[in-house]
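Q: Sequence first, predicted coordinates after that:
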Amino acid sequence: MISFENFHPSKKRLTLNKLADNIQQSIVVNQASYLIVIAENLWPGGSQVFADELSALSGVDCTLCTLGYIQRGGSPVAKDRILATKMGVAAIQAIMQQQTEVMVGEQNNAMVSIPLTQTALHQKQVSQSLVDAQQNILTMTAQTDT
């Protein structure tokens, strides 16, 4: 995890080298994936620059996933940022507790870890009123664009 508490821009090259070495060591022992959590706007130039620089240095494709965008789509608002922070913390806690093949989410205002096998079985329908509301918004938007 890279945060404002443990990173300084003057140590950018050192941080990248350590991460690239760690990734290469993980590849040697056949670790299939690597997750890096980085605070938004921490890296000079942004998170995409971080992913690009780490890819170039490590030789591994690094894909950026901005949690706030994944949650609802579009530009994040304060609620998205709070949820993203809570989910990021919960994900790190799950990793530290050696939990694998789980997703984190919020249920009844509490963060929970749910086995992926359970998530595939759960099929909850989207409320028809939400579908109708979205359709109405799209219809109104289309009318104002013409």
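A: That came in fine, so what should we check first?
Q: Tell me which strands the strand or helix carrying M103 pairs with, and in which orientation.
A: Mapping M103 onto the secondary structure by DSSP states H and E places it in strand 102-107. Under the criterion DSSP bridges, strand 102-107 sits next to strand 110-115 (antiparallel) in its sheet.
Q: Quick one: list the elements packing against the helix or strand following the strand it pairs with.
A: For strand 110-115, the following helix or strand on the C-terminal side (DSSP H and E) is helix 116-121. Helices and strands in packing contact with helix 116-121 are listed as strand 102-107; criterion 3 or more Cβ pairs under 8 Å, 6 or more residues apart in numbering; DSSP states H and E. Backbone N, C-alpha and C define where each C-beta goes, glycine included.
Q: Any buried residues in the strand it packs on, and which?
A: Of the residues in strand 102-107, those buried under the neighbour-count criterion (16 or more other Cβ atoms under 10 Å) are 102, 104.
Q: what about it, average pLDDT?
A: The average pLDDT for strand 102-107 rounds to 90.
Q: CA atoms only for that strand, dumped as CSV, please.
A: Output for strand 102-107, consisting of C-alpha atoms alone and laid out as CSV, is shown next (Å, rounded to 0.1, in the frame of the first residue of the first chain):
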residue,chain,number,x,y,z
VAL,A,102,-13.4,-12.9,-1.6
MET,A,103,-15.0,-9.6,-2.5
VAL,A,104,-15.5,-6.8,-0.1
GLY,A,105,-18.7,-4.8,0.0
GLU,A,106,-21.0,-2.9,2.3
GLN,A,107,-24.1,-4.4,3.8
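Q: outside of that strand, which residues touch it?
A: Contacts of strand 102-107 from elsewhere in the structure, counted by Cβ atoms under 8 Å, 6 or more residues apart in numbering, are 83, 86-87, 90-91, 94, 111-116, 119.
Q: ok, which pair from the residues you listed is furthest apart?
A: By the measure Cβ to Cβ, L83 and P115 form the most distant pair in the contacts of strand 102-107, at 21.1 Å.
Q: Give me the secondary structure label for S33.
A: Under DSSP: H, G, I helix; E, B strand; the rest coil, the three-state class of S33 is coil.
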